[in-house]
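K.L.:
okay, structure incoming, though there's no sequence with it:
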C-alpha cells in the first residue's frame, strides 16, 4: 500500500537533471532574449526557476504515468483502504501552477508587437480579377 519506497537519487541522476536544466535555461534565454535590458536581471531568476520547474515537472509526469495519480491508502491494518491522491500528484499540480505563472510573467515582459495590418481583402479581390 502507498507509494513505493524510493532510493536516494544518485549523483548521476542529479547530474543528468542539472544538464537538462541548463539546456532549458538556454532555451528560455533564447525565447526571452528580446526583453528590455532593464528587465534582464529580473528575469534571470525567473528563467532559472522556470527551467528547474519544467524539468522537475517532466520527472513527475513520468512517475505519474507509471504509478498513477491515486493510491490505495489505509490508516491502519484495521481500516478499509481507500483511494487518495498521491503526494506527487499534489506536488505536480502546485508546481505546474507556479510554472505557468512564471511563464506568464516572462511573456508579459516581452515587447508588444504591433498587430499585423491586414487589409479588408479589397486589394486581393482586385488583384484576382485582373488575371
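P.N.:
Good, I have the coordinates. Just so you know, these numbers come straight off a predicted model, no measurement behind them.
K.L.:
what's stretch 87-101 in contact with?
P.N.:
3, 50, 53-54, 56-57, 60-61, 63-64, 67, 69-70 (CB atoms under 8 Å, 6 or more residues apart in numbering). Using the backbone N, CA and C atoms, a C-beta is placed for each residue, glycine as well.
K.L.:
what's the closest of the residues you listed to residue 37?
P.N.:
Of all these, residue 37 sits closest to residue 50, with 19.7 Å by CB to CB.
K.L.:
the host helix or strand of the closest one packs against which elements?
P.N.:
Using DSSP states H and E, residue 50 sits within helix 40-67. In terms of contacts (3 or more CB pairs under 8 Å, 6 or more residues apart in numbering; DSSP states H and E), helix 40-67 is packed against helix 11-31, helix 87-109.
K.L.:
how far away from the center of its chain is the longest one?
P.N.:
In this case it means helix 87-109. 6 Å (CA atoms, centre = their mean, to the nearest Å).
K.L.:
buried ones in that helix?
P.N.:
The neighbour-count check on helix 87-109 (16 or more other CB atoms under 10 Å) flags 88, 89, 92, 95, 96, 99, 102, 103, 106, 109 as buried.
K.L.:
how near is the second one to residue 23?
P.N.:
If I follow you right, that is residue 89. 26 Å (CB to CB, to the nearest Å).
K.L.:
next one: the fifth one
P.N.:
When distances are taken as CB to CB, residue 96 and residue 23 turn out to be 20 Å apart.
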